[in-house]
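A.B. asks: Mind folding the following:
(chains A and B)
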Number of protein chains: 2
Amino acid sequence: MSNIKPSLAKGTRDFSPQEMVKRNFIFDTVKTVFKKYGYAEIQTPSMENLSTLTGKYGDEGDKLIFKILNSGDYLAKVKPDLLTNANSNAILPSISEKALRYDLTVPFARYVVMHQNDISLPFKRFQVQPVWRADRPQKGRYREFYQCDVDVVGSDSLLNEAEFILIYQEALTGLGLKNFTIKINNRKILSGIAEVVGKPELIIDMTVAIDKLDKIGLDGVVKELLERGFTDADIERLKPVILLQGSNTEKLESLKKVLSASAAGLKGIEEIETVFDYVNSMLKAEPAIKPDVELDITLARGLNYYTGCIFEVKTNEVAMGSIGGGGRYDDLTGMFGLKGLTGVGVSFGADRIYDVLQELNLFPESTVAGTKVLISNFDKEAEEYALPVLQQLRSANIAAELYPSSAKLKKQMSYADDKHIPYVMLIGSDEMESGMLTLKDMQSGQQQKLTAESIVELLKKD
Amino acid sequence: MSNIKPSLAKGTRDFSPQEMVKRNFIFDTVKTVFKKYGYAEIQTPSMENLSTLTGKYGDEGDKLIFKILNSGDYLAKVKPDLLTNANSNAILPSISEKALRYDLTVPFARYVVMHQNDISLPFKRFQVQPVWRADRPQKGRYREFYQCDVDVVGSDSLLNEAEFILIYQEALTGLGLKNFTIKINNRKILSGIAEVVGKPELIIDMTVAIDKLDKIGLDGVVKELLERGFTDADIERLKPVILLQGSNTEKLESLKKVLSASAAGLKGIEEIETVFDYVNSMLKAEPAIKPDVELDITLARGLNYYTGCIFEVKTNEVAMGSIGGGGRYDDLTGMFGLKGLTGVGVSFGADRIYDVLQELNLFPESTVAGTKVLISNFDKEAEEYALPVLQQLRSANIAAELYPSSAKLKKQMSYADDKHIPYVMLIGSDEMESGMLTLKDMQSGQQQKLTAESIVELLKKD
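C.D. replies: A predicted model of the protein is given here:
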């Protein structure tokens, strides 16, 4: 046995009891909302065949996939000349057949294709599982982190898009966030813009550039557009679009004029309008709920991928990148040979949301509560007296502990403190004689004498 | 993009919505009990440094650890002559620094050592996470499976052992099991037996042999004991112990006589008696609960490891190996240089418990319930009418869906059937005119006409 000082693998984290309770608060909240909207949970394995993952995330992505070494004499199958050349890439397929999940979307597509005869469409699923990326770790970026994805395949109804807006609204409000913006755009609007400027082939260059408006300002965007092949004349036509201002309705009206010559562009506008109509109709039942939805035509995340609506969520309470996003992709399962299945989905950035809630001090008190009451342990006799009381508490579903040895009281009290246990029950000779047990409220320091039954009643309500 | 027929990595599984609900029923049930007994959840990363895991599970175990290939040009650091020899073992440390978690115990030990300044002892933790083993897959044995571990470190009180008996009792009963046996033994009793037979050095051989009593019978055990170095005279002294019969009290009385010359043996008996006393005292509060605990001195699982009590749980309702087990280990963290920290813990075999509950049809009805009501979608007008109703249901925390397109009613009904949705709400022109919506109970086929408000009230209670 080695006897080295242990450490964590780079970019990975342990989660303490306090952190787990907070993380579970986030996961439980989003899962509850997903279920309310008719989504059901699935899980896929942590490891997939390397062939399932390779080629789905671009060359850069492929490099970041964690590969698993074949078991046993993994070099036995490698051709000797490959070994001599020490060519890592060439040898890889011979020594690794499996890899760790890189995201939840590709495994979901594989799931849908493999189980197409067992699932009924539309298939509404959510998935909350870790993914792994061999990225260089930095603040807020880990090699193992959770994704919370919610997607539907097999339905082209824009009701789904509208429901994702409400899902974001309800889940983030449920987590305690008060001021956040759900940004929406549509790939078809971006196509329309590139079309009317007369450079449909430059759509990617255009969106990459205008996506940076926030960071580099208009001058920066113009410079980049020029570098990427747009002319001054093109830019004059783009400017009003880039600088689009006003309410969503005003923006849509302006766009209708600009894009009047583009069928795709008008279709994109119509889709956005339909989504807004759905949201408004649904919220007739809940007039107090007013999601802050903003049409943002500079939003272009994952454009290669999305074909319809695109979403991104930002909190306005702290400086933080997006805390969620997603969109529609018309051919999710095509990569595995099942064509024509449309999908739309969004995801929640659990780690960033954690940091936001922590910074805003939004984790509810109850998320620190584990054990409700610790029974002190003075000596053998008191311990014997305490044992049935301990079980009486538990049979009333009160999380309870008896300190497992008759240590110094100070030590027992500091155990309760460290564990944030809100009550300590003190059982000494007085208490055993009278049957009136001392219950100490650890926050206020107040003590009262009560029967075991009364304590059970009191803590059940608390 | 490849266009191959996708498949799962060998020995791994997808979990469908129906399976997830059942799996979560198991995990939620055991977690609720763990918390009630004062245990708090932690999680550790899926990947650990290879050095953290190597040498902890024996040579066979080391082979079954999934190693992760270093990223980038992983062969760059390998000495050329090693490559030419194609020696997999010699090259391994140069190309792999990380590996997947093999169990939850070693990562827990690492956690305790790394966080020793932040945790207060006794530290009571549970952990429910997948582990990975490069085992040959077979029925019931997977390469990725969940462990549910609950352990305490830093307390030598036998109250912990007693509480694990109650945890098993409560969790397994909560899962619906009615007839199971919690077997208990003590390493010190086994040491005592080897000692009084005069072969203390053969304790491992002895326990390996008598552990097989169930499978190979007395004759088989005798044969194996002879092969492993015991004499006929030894075996005559061992026989009454191997064949120990009667109640736990009777067994303990017999053992006291047999082991009267062994201090270790008597200590083991005393420990078992103390555990039984704790259980009895606690259960004074819950006289209806009568766990079936059986002293079984042939129980020896993981003997190299355990130093005190040993547990194993078997269901008596179906043929199945153990569904749980554990024990005390006096030096959990010694492998990472932190000496003298005692630990005791048990684990639940979630996959086996799943199979048992499935076979006995014990999963509760509620574990199939996802969406409570599907609203039909006849046409645009009905959809528009349905949207606020949909949201009215959700704001009352009723999981609801509107079928996202005006497909044929038959298709919508079969969607509800496939998803086990118990109610369908039909909204046609009659319903829109009268405001009395049709609610169909999918199980009984009965329909009734009700206002939206009444339906919300009805489904809230259901």
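A.B. asks: who's in contact with A:L158?
C.D. replies: A:271, A:274-275, A:278, A:309 (Cβ atoms under 8 Å, 6 or more residues apart in numbering or on different chains). For the C-beta atoms, the positions are set from N, CA and C on the backbone; glycine is no exception.
A.B. asks: what's the closest non-adjacent residue to it?
C.D. replies: A:T274 (4.6 Å; Cβ to Cβ, 6 or more residues apart in numbering or on different chains).
A.B. asks: How far off centre is the strand or helix carrying the one you found?
C.D. replies: Taking DSSP states H and E as the definition, A:T274 sits inside helix A:263-282. Relative to its chain's centre, helix A:263-282 lies at 26 Å (Cα atoms, centre = their mean, to the nearest Å).
A.B. asks: Show me what that helix is in contact with.
C.D. replies: By Cβ under 8 Å, 6+ apart, helix A:263-282 touches A:158-159, A:161-163, A:165-166, A:184, A:186-193, A:195-196, A:248, A:252, A:255-256, A:258-260, A:291, A:293, A:295, A:308-309, B:384, B:387-388, B:390-391.
A.B. asks: Tell me the buried residues in that helix?
C.D. replies: Under the neighbour-count criterion of 16 or more other Cβ atoms under 10 Å in any protein chain shown, helix A:263-282 has A:264-269, A:271-276, A:278-279, A:281-282 buried.
A.B. asks: Which of those sits closest to A:V456?
C.D. replies: The nearest member of the buried residues of helix A:263-282 to A:V456, counting by Cβ to Cβ, is A:M282 at 44.3 Å.
A.B. asks: residue ranges with poor pLDDT in chain A?
C.D. replies: A:1-4, A:302-303, A:366-369 (pLDDT under 70).
A.B. asks: Break it down into its structural domains.
C.D. replies: A:11-168, A:369-461 (automatic domain parsing).
A.B. asks: Can you give me the end-to-end span of the first one?
C.D. replies: Between the opening and closing residues of domain A:11-168 there is a gap of 29 Å (Cα to Cα, to the nearest Å).
A.B. asks: Distance from the chain centre to that domain, please.
C.D. replies: 13 Å.
A.B. asks: same thing with the last one?
C.D. replies: The chain centre lies 39 Å from the centre of domain A:369-461; the measure is Cα atoms, centre = their mean.
A.B. asks: Relative to B:L409, tell me which of the domains of chain A wins on proximity.
C.D. replies: domain A:11-168 (15.0 Å).
A.B. asks: all helices for the stretch 201-350 of chain A, in order.
C.D. replies: Counting by DSSP state H, counting those that start in this stretch, residue ranges of the helices within the stretch 201-350 of chain A are A:203-210, A:213-227, A:232-242, A:248-258, A:263-282, A:350-359.
A.B. asks: OK, contacts around A:R141?
C.D. replies: A:11, A:135 are the contacts of A:R141 under Cβ under 8 Å, 6+ apart.
A.B. asks: And it, its phi and psi?
C.D. replies: Dihedral pair for A:R141: phi -120, psi 120, per degrees, to the nearest 10.
A.B. asks: go on, A:Q43?
C.D. replies: phi -130, psi 150.
A.B. asks: Neighbours of the closest residue to it other than its chain neighbours, how many?
C.D. replies: Of all residues not flanking A:Q43 in the chain, B:F15 sits nearest, at 4.4 Å (Cβ to Cβ, 6+ apart). The number of residues packed around B:F15, counting by other Cβ atoms under 10 Å in any protein chain shown, is 18.
A.B. asks: wait, isn't B:F15 in contact with A:I42?
C.D. replies: Yes - counting by Cβ atoms under 8 Å, B:F15 does reach A:I42; the two are 6.1 Å apart.
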